[in-house]
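Trainee: could you work out the structure for the sequence below:
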Amino acid sequence: MKSFEDLKAWQSAMNLIEEIYLITSTFPKEETYGITSQVRRSANSIAANIAEGFGRYTYPDKANKYVIARGECHEVRAFLLIASRLNFIQKTDLEKSIQSLENTGRLLSGLIKACRMKNT
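Mentor: Residues are numbered from 1 along each chain as shown. I've put the predicted structure just below:
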């Protein structure tokens with residue numbers, strides 16, 4: 001692979017970002033600097049950490065960034081569940097986003113496992 005853009009995990013994260021921006025565009029205006037901003041930053045952080053991990057030289061460094069990205073998946077999920085409880089998000093949108101998060105998380109788990117195997 002020549003670039004982080006070739007990673008399926010990064011591609012999945014980018015698709016997730018698009019979903020998050022679409023969903024949050026319907027959130028109440030007073031949440032612009034609240035949950036809207038937080039969930040968007042967390043989603044962006046997933047892709048950013050994947051890119052940074054790809055650029056690291058050692059496998060432990062790469063794995064660490066991928067672990068951070070996987071943690072951000074859980075943060076995004078938490079914000080979506082909060083938004084759901086506040087009735088900011090429709091159930092179908094929530095379910096679709098959760099599925100995307102789980103897919104991205106699985107791909108990240110694969111990257112983490114591969115990095116750890118190469119380090120042994």
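Trainee: what lies in contact with stretch 52-72?
Mentor: Residues outside stretch 52-72 that contact it (Cβ atoms under 8 Å, 6 or more residues apart in numbering): 1, 3-4, 7, 9-10, 13, 42-43, 45-47, 49-50, 105, 108-109, 111-112, 115-116, 118-119. Bear in mind the C-beta positions are built from the backbone N, C-alpha and C, glycine included.
Trainee: and the end-to-end length of stretch 46-66?
Mentor: 8 Å (Cα to Cα, to the nearest Å).
Trainee: circling back to that earlier point, quick check on the contacts of stretch 52-72: which are buried?
Mentor: By neighbour count, with 16 or more other Cβ atoms under 10 Å, the contacts of stretch 52-72 hold 4, 7, 9-10, 13, 42-43, 45-47, 49-50, 105, 108, 111-112, 115 as buried.
Trainee: now, which of the contacts of stretch 52-72 lie within helices?
Mentor: 9-10, 13, 42-43, 45-47, 49-50, 105, 108-109, 111-112, 115-116, 118-119 (DSSP state H).
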